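Enquirer: coordinates for the following, if possible.
(one chain, ligands or ions: 1)
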Amino acid sequence: MEKTTPEKVQLLIIGSGPAGYTAAIYAARANLKPVLYQGIQPGGQLTITTEVENYPGFPDGVQGPELMVHFEKQAQRMGADLRYGLATAVDFSKHPFQVTIDEEKQVEADAVIIATGASAKWLGLESEQRLNGYGVSACAVCDGFFFRGKEVAIVGAGDTAAEEALYLSKLCSTVHMIVRRDEMRASRIMQDRVKATPNIKIYWNSVTDEILGEKSVDAVRIHNTQTDEKIEIPVKGFFVAIGHQPNSDIFKGQLDMDEAGYLKTVPGSAKTNIEGVFASGDVQDKIYRQAVTAAGSGCMAALDAERFLSEKGLH
Ligand code: NDP
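Expert: Prediction:
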């Protein structure tokens, strides 16, 4: 596609979860005139969750999408320039940094904050890909509604899987939870809630071999890794909740990252290996991955960016 004349901005923020919006709030208040591109999922992962009970400041809990609307409005009120668009390529080898939006628009930025988050992981089965959107989903909150009164399966044993299994248990007749080890990774309170829910049936030491069905999901075939017993469970929905991967593909070869693709930052800061490029939120955090830690690191990125721009005489 033909490239357009670049637009020059002082600070570009890529991503619109808690990290991106918090960076925008701080940067706008510091008069850095941030421009933020929201990416493929404005509001980020919290927009596909239900109740958030652990974000401080909401004693009665808050719905994830509502929380992100608050973030967005606050960033807007501070004067951040929020835009639809996905960063599709970057060139950090020269300054100002070059960023391509939607494969077309060129933006030149004195400083960049990356807050692109993470996305759901898949098992990698052919049938999972083929039936994606036809009964296979990575978001119970988005798609659970379609399986009201029906049997569904969910694979995973972390907090996400536990939360989604509980959500589904309120809509579906039975939730078959497929756990690959003999224990769950989820926090104790979530495990206890799952185990105490009568219509959640847990299959320990079990892995998914295939999702069965031609045009839509009819069943799932699993096997027990201890006994080698194979069973087919008739289900209409198959939910994958096995964790996330960082959205860092476009930075490969330019920014330091670990083997899983998480961007590396200098401890105690949001600095990447390129001066003037900062990273915050889940794209650089494989340990905490909470909305509140993402927001905190977005704040750090904005403060680091402000310092960088001042020191370079760019602000
Ligand atoms: P996690 O990485 O914590 O858990 C992933 C789960 O999926 C693990 O049980 C893992 O099994 C399992 N798994 C991974 N790959 C496969 C596979 N190929 N086949 C079968 N099972 C697989 O991811 P989550 O998304 O659950 O949570 C991410 C972070 O977010 C965590 O820190 C969590 O605490 C937090 N979180 C907090 C919430 C809250 O506080 N309300 C809600 C949701 C998430 P194994 O254990 O064997 O590795």
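
Enquirer: going forward, measure contacts between C-alpha atoms and count neighbours the same way
Expert: Fine.

Enquirer: tell me which parts of the protein are close to the ligand?
Expert: 123, 155-161, 180-181, 184-185, 242-244, 288-289 (C-alpha under 6 Å from any ligand atom).

Enquirer: and these, which are buried?
Expert: The neighbour-count test (16 or more other C-alpha atoms under 10 Å) marks 155-161, 180-181, 184, 242-243, 289 as buried among those.

Enquirer: inside helices: which ones of the residues you listed?
Expert: Counting by DSSP state H, these place 159, 160, 161 in helices.

Enquirer: could I get these as TSV with pLDDT?
Expert: Listed next are those as TSV, based on pLDDT from 0 to 100:
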residue	pLDDT
159	91
160	89
161	96
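
Enquirer: for those residues, which one is nearest residue 279?
Expert: residue 160 (24.0 Å; C-alpha to C-alpha).

Enquirer: hmm, residue 239 and that closest one touching each other?
Expert: No - assessed by C-alpha atoms under 8 Å, residue 160 is found out of contact with residue 239, at 11.1 Å.

Enquirer: can you name the residue of the stretch 1-150 of the chain nearest the ligand?
Expert: Residue nearest to the ligand within the stretch 1-150 of the chain: residue 123 (5.0 Å; C-alpha to the nearest ligand atom).

Enquirer: OK, contacts around that residue?
Expert: 240, 242 (C-alpha atoms under 8 Å, 6 or more residues apart in numbering).

Enquirer: still on that earlier bit, which of the buried ones among the residues of the chain next to the ligand has the weakest pLDDT?
Expert: Taking these together, the minimum pLDDT is found at residue 289 (83).

Enquirer: next one: phi and psi at that one?
Expert: phi 50, psi 40 (degrees, to the nearest 10).

Enquirer: for it, which non-adjacent residue is spatially closest?
Expert: The shortest distance from residue 289 to any non-neighbouring residue, by C-alpha to C-alpha, 6 or more residues apart in numbering, is to residue 282 (5.5 Å).

Enquirer: what count of nearby residues applies to that neighbour?
Expert: 31 (other C-alpha atoms under 10 Å).

Enquirer: follow-up on the earlier one: now, which of the residues of the chain next to the ligand lie within strands?
Expert: Residues of these located in strands (DSSP state E): 155, 244.

Enquirer: would residue 299 count as being in a helix?
Expert: Yes - assessed by DSSP: H, G, I helix; E, B strand; the rest coil, residue 299 belongs to a helix.

Enquirer: for it, which non-adjacent residue is spatially closest?
Expert: Nearest to residue 299 is residue 23, by C-alpha to C-alpha, 6+ apart, at 5.0 Å.

Enquirer: neighbours of the one you found, how many?
Expert: By the criterion of other C-alpha under 10 Å, residue 23 has 33 neighbours.

Enquirer: what packs against the strand or helix carrying it?
Expert: Using DSSP states H and E, residue 23 maps to helix 18-29. Using 3 or more C-alpha pairs under 8 Å, 6 or more residues apart in numbering; DSSP states H and E, the elements in contact with helix 18-29 are strand 7-14, strand 35-37, helix 64-77, strand 105-114, helix 291-311.

Enquirer: average model confidence for that helix?
Expert: On average, helix 18-29 scores 98.

Enquirer: the inter-axis angle of that helix versus strand 105-114?
Expert: Between the axes of helix 18-29 and strand 105-114, defined by axes from the mean of the first three to the mean of the last three C-alpha atoms, to 10 degrees, the angle is 100 degrees.

Enquirer: just the C-alpha atoms of helix 18-29, please, in PDB.
Expert: Provided in PDB are the C-alpha atoms of helix 18-29 (Å, rounded to 0.1, in the frame of the first residue of the first chain):
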ATOM      1  CA  PRO A  18      -4.900  -0.400  31.700                       C
ATOM      2  CA  ALA A  19      -1.200   0.300  30.900                       C
ATOM      3  CA  GLY A  20      -1.800   2.300  27.700                       C
ATOM      4  CA  TYR A  21      -4.600   4.400  29.200                       C
ATOM      5  CA  THR A  22      -2.700   5.100  32.400                       C
ATOM      6  CA  ALA A  23       0.400   6.100  30.400                       C
ATOM      7  CA  ALA A  24      -1.900   8.500  28.400                       C
ATOM      8  CA  ILE A  25      -3.400  10.000  31.600                       C
ATOM      9  CA  TYR A  26       0.000  10.800  33.100                       C
ATOM     10  CA  ALA A  27       1.500  11.900  29.800                       C
ATOM     11  CA  ALA A  28      -1.400  14.200  29.000                       C
ATOM     12  CA  ARG A  29      -1.200  15.800  32.400                       C
END
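
Enquirer: circling back: tabulate the helices and strands packed on helix 18-29 (TSV), appending mean pLDDT and mean neighbour count.
Expert: Formatted as TSV, the helices and strands packed on helix 18-29 follow (pLDDT from 0 to 100; neighbours: other C-alpha atoms under 10 Å):
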stretch	mean pLDDT	mean neighbour count
strand 7-14	98	22
strand 35-37	98	24
helix 64-77	97	18
strand 105-114	98	24
helix 291-311	98	22
